[in-house]
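In: A predicted structure for the sequence below; I have some questions about it.
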Amino acid sequence: MASASQTAYQTAGSGSWWTQIVPVIIVLGGFSVYATWRAFEGAFFWAAPYLSPFYSPLIDVHHHYWP
C-alpha cells in the first residue's frame, strides 16, 4: 500500500502537461490577432441589421457635433 505522500502527487491523466495549454494559447492568440485586425481595419463592420462588437453604433449620420 502506498503512503499518503506518494499518492498526493500522482495525476489521473497520462498526457503531458502542455497538451491542454497549447490549444488555449492558440485559440486566445488567434482571437487576439483577429480582434486587433478587425478593430483597426475600419471596414466591413456593418452587415444588414448587425454591427460588429468592435465598433460603436453610428448616432449621427451627418457627423455633426453637439454643443
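Out: Received, thanks.

In: And for the strand or helix carrying Thr36, what's in contact with it?
Out: When elements are assigned from DSSP states H and E, Thr36 belongs to helix 21-41. Residues from elsewhere that reach helix 21-41 (CB atoms under 8 Å, 6 or more residues apart in numbering): Phe44, Phe45, Ser52, Phe54. In this view, the C-beta of every residue, glycine as well, is placed from N, C-alpha and C.

In: Ala43 is in contact with the third one, correct?
Out: No. Assessed by CB atoms under 8 Å, Ser52 is found out of contact with Ala43, at 10.3 Å.

In: who's more crowded, those two?
Out: The residue with more neighbours, out of Ser52 and Ala43, is Ser52; 12 against 6, by other CB atoms under 10 Å.

In: list the contacts for that one?
Out: So Ser52 contacts Arg38, Phe44, Phe45, Trp46 (CB under 8 Å, 6+ apart).

In: Would you mind measuring from the last one to Tyr34?
Out: Think Trp46. Between Trp46 and Tyr34 the distance is 18 Å, computed by CB to CB, to the nearest Å.

In: same deal with Phe54?
Out: From Phe54 to Tyr34 the distance is 10 Å (CB to CB).

In: One more: Glu41?
Out: 10 Å.

In: so where's the protein shaky on pLDDT?
Out: Across the chain, the ranges flagged by pLDDT under 70 are 1-14, 58, 65-67.

In: Please repeat the previous calculation with a cut-off of 80.
Out: Low-confidence segments of the chain, defined by pLDDT under 80: 1-15, 42, 45-46, 51, 54-67.

In: Phe54 against Phe45, yeah?
Out: Yes. Applying CB under 8 Å as the test, Phe54 and Phe45 come out as touching, 7.0 Å apart.

In: So for the two, which residue has more residues nearby?
Out: Set Phe54 next to Phe45 and count neighbours by other CB under 10 Å: Phe45 wins out with 16 against 13.

In: wait, what's in contact with that one?
Out: Contact analysis of Phe45 by CB under 8 Å, 6+ apart lists Arg38, Leu51, Ser52, Phe54, Tyr55.

In: and the closest residue in space to the second one that isn't next to it in sequence, helix, strand or coil?
Out: If you skip the residues right next to it in sequence, Leu51 has Pro57 as its closest partner in space, 5.9 Å away by CB to CB, 6 or more residues apart in numbering. When states are read from DSSP: H, G, I helix; E, B strand; the rest coil, the local structure at Pro57 comes out as coil.
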